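Trainee: 3D model of this:
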Amino acid sequence: MNPVQQVNAAPVPPGDLSQRFVAWVRAAAPYIHAFRGKTFVLGFGGEVAAGKLAESLAYDCNLLAALGVRLVLVHGARPQIDAELARRGLQPRFHQGLRVTDAAALECVKAAMAVTRIEVEAMLSQGLPNTPMAGSFMRVTSGNFITAKPVGIVDGVDYGYTGAVRRVIAEEIAADLDQQNVVLMSPLGVSPAGEIFNMSMERVAEAVAVALKAEKLIYLCDAPGLLDEEGGLIEAITADDAESMLKAGQGLTEDLDLYLPCAIRAVRQGVGRAHLIDRDKDGGLLLEFFTPQGVGTVLTRDPLFRLREATVEDIGALATMIAPMEADGTLVRRSRERLEAEIELFTVVEYDGVLVGCAALYPFMAEHLAEMACVAVVPEHRRSGLGEMLLKRIEGRARRMGVEQLFVLTTRTAHWFRERGFNEVAPERLPRQKREMYDVNRRSKIFMKPLS
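Mentor: Numbers count the residues shown, from 1 in each chain. I've put the predicted structure just below:
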């Protein structure tokens, strides 16, 4: 998800592909504006570099760069290293997710990394006609941007030439990005003594993202993202909640077990967002960053959902959000002038800075009643529990005002209110002023809930 205002495109007939394309481009435009000049660090394993979607990933990276995204790519080569070890009759050794790199293994690492890097660079350098990269020229650069140190001996295991990041020379990477270059990095580092160390892709990507104060750290992984206990995708999660999942080992794949700790640390150290995206999802980067709902899991330091009372600055976004529901008859039409007059009655919910839900509280204090009205949640978030959040917030506001019963008028969501303690009542139970305004032709059902 992205911190820009959503665009509510007009409904498009299913068969009109040209209009669907136009609507998509217009809806993507705010994201393009928001990400221009921002730094993305993308980490992906050797499985991606050698996979069937590697070329498509190159196309998408080319598009991001063309749109003005400052792009740093960090590739891995674990399967390629294992293949090189096998070719030389050697066995791979790991401890706590890190490769143990002796002198013989280091030679395999250098060979595999060199081949993988040049193959990735070759894919990024395409420009053939009839491809998405036709007419483009991506300047791909690299350098000795990482100073390494040895991991040393852990739990009695000597990691040999396995290293950790000592320092990221961020100013040199930034200088390359300023020249509109794409920076491609292999997880190798050199110590001040000139020794070469093998490092993990995910930790290098984390360190680079933190050093650059990147907008996004992205990992392509062997899962759609984080999953809940029912197997559903968790679209957004805070670092604290993700850490709880990590400690519980809840539904973590091999990649997630490695990448998730890096993502958590990164957002806690100032990276704007960390994203976990399915490496087997063609176009996953574009879907995650240029559609409102995305396709992976985004990690943030603080919750993306925020409930607050509306202000006059919300009027435009509020009118845009509820317009489709007014058009299809779900909500009663409200003029902009009415919204301006009643804005203090509204509670809104934001997702990553975007208005995605609202509800209004209209008090009738002479009868100790209040109406919850204009309840709306954008389609992309109707399974995120926002209606429940809005209801609890409205109930709290009503109780503090001294309201004894809350009522709603609805034509389409009767079951939802029944499930939350509302009971259907006759129009005679409405406060006098509301009863006089009741539209019998709309045939709204009336539900009421005691708050005591």
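Trainee: Can you tell me the closest non-neighbouring residue to H368?
Mentor: If you skip the residues right next to it in sequence, H368 has E404 as its closest partner in space, 4.1 Å away by Cβ to Cβ, 6 or more residues apart in numbering. Any C-beta I mention is one placed from the backbone N, CA and C, and that applies to glycine too.
Trainee: Surely the one you found and M448 touch.
Mentor: No. Under the criterion of Cβ atoms under 8 Å, E404 lies out of contact with M448, with a separation of 10.3 Å.
Trainee: neighbour count winner among those two?
Mentor: The neighbour count for E404 versus M448, taken as other Cβ atoms under 10 Å, is higher for M448 (18 against 13).
Trainee: wait, what's in contact with S56?
Mentor: If a contact means Cβ atoms under 8 Å, 6 or more residues apart in numbering, then S56 has 282-283 as its contacts.
Trainee: pretty sure it belongs to a helix, no?
Mentor: Yes. Assessed with DSSP: H, G, I helix; E, B strand; the rest coil, S56 lies in a helix.
Trainee: what ranges of this protein fall below the confidence cut-off?
Mentor: For the chain, the stretches with pLDDT under 70 are 1-15, 127-135.
Trainee: Domain boundaries for it, per the record?
Mentor: Structural domains annotated on the chain: 17-300, 305-450, as defined by automatic domain parsing.
Trainee: Buried deepest among the ones you listed, which one?
Mentor: When neighbours are counted by mean count of other Cβ atoms under 10 Å, the highest per-stretch mean among the domains of the chain falls to domain 17-300, a mean of 18.
Trainee: Now find how far off-centre it is within its chain.
Mentor: The chain centre lies 15 Å from the centre of domain 17-300; the measure is Cα atoms, centre = their mean, to the nearest Å.
Trainee: Paired strands for the top strand by length along the chain, with orientation please.
Mentor: Determined from DSSP state E, the single longest strand within the chain is strand 354-364. Taking DSSP bridges as the criterion, strand 354-364 sits next to strand 346-351 (antiparallel), strand 369-377 (antiparallel) in its sheet.
Trainee: And R308, how far from R334?
Mentor: Distance check for R308 against R334: by Cβ to Cβ, to the nearest Å, it reads 20 Å.
Trainee: ok, the nearest residue to R429 once chain neighbours are set aside - contacts?
Mentor: The spatially closest residue to R429, leaving aside those adjacent along the chain, is M448, at 6.2 Å (Cβ to Cβ, 6+ apart). By Cβ under 8 Å, 6+ apart, M448 lies in contact with 405-408, 422-423, 425, 429.
Trainee: 6 Å - rerun?
Mentor: Contacts were defined as Cβ atoms under 6 Å, 6 or more residues apart in numbering; by that measure M448 touches 405, 407, 425.
Trainee: orientation of the helix or strand harbouring it relative to strand 369-377 in degrees?
Mentor: Element membership for M448 (DSSP states H and E) is strand 445-450. Using axes from the mean of the first three to the mean of the last three Cα atoms, to 10 degrees, the direction of strand 445-450 lies 120 degrees away from that of strand 369-377.
Trainee: Measure how far strand 445-450 is from the centre of its chain, please.
Mentor: Mean-position distance between strand 445-450 and its chain equals 37 Å (Cα atoms, centre = their mean).
Trainee: repeat for stretch 309-317
Mentor: Averaging C-alpha positions (Cα atoms, centre = their mean) puts stretch 309-317 24 Å from its chain's average.
Trainee: Restricting to C-alpha, output it in CSV.
Mentor: Listed next in CSV are the C-alpha coordinates belonging to stretch 309-317 (Å, rounded to 0.1, in the frame of the first residue of the first chain):
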residue,chain,number,x,y,z
GLU,A,309,-12.0,12.8,13.8
ALA,A,310,-12.5,14.4,10.4
THR,A,311,-11.3,18.0,9.6
VAL,A,312,-12.1,20.4,6.9
GLU,A,313,-9.0,19.2,5.0
ASP,A,314,-10.8,15.8,4.6
ILE,A,315,-13.8,17.1,2.7
GLY,A,316,-12.5,16.6,-0.8
ALA,A,317,-11.2,13.1,-0.1
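Trainee: List the contacts of V109.
Mentor: So, once contact is read as Cβ under 6 Å, 6+ apart, V109 ends up touching 81, 198.
Trainee: With R88 as the reference, measure out to it.
Mentor: For V109, the distance to R88 (Cβ to Cβ) stands at 12 Å.
Trainee: Which residue ranges of the stretch 101-250 of the chain form helices?
Mentor: For the stretch 101-250 of the chain, the helices defined by DSSP state H, counting those that start in this stretch occupy 103-124, 170-178, 201-212, 239-248.
Trainee: and E254, which of those is closest to it?
Mentor: Comparing those by their distance to E254 (Cβ to Cβ), the top pick is helix 201-212, with 11.6 Å.
Trainee: Centre of the chain to stretch 303-318, how far?
Mentor: Centre to centre, stretch against its chain (Cα atoms, centre = their mean), the figure for stretch 303-318 is 20 Å.
Trainee: Just the terminal-to-terminal distance for it.
Mentor: Taking Cα to Cα, to the nearest Å, stretch 303-318 runs 21 Å from one end to the other.
Trainee: switch to numbering from 45
Mentor: New numbering, starting at 45: the last item is stretch 347-362.
Trainee: Quick one: the strands paired with strand 398-408 as a markdown table, columns for distance to V252 too.
Mentor: Conversion of those to a markdown table gives the following (distance: least, Cβ to Cβ, whole Å):
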| stretch | distance to V252 |
| --- | --- |
| strand 390-395 | 28 |
| strand 413-421 | 38 |
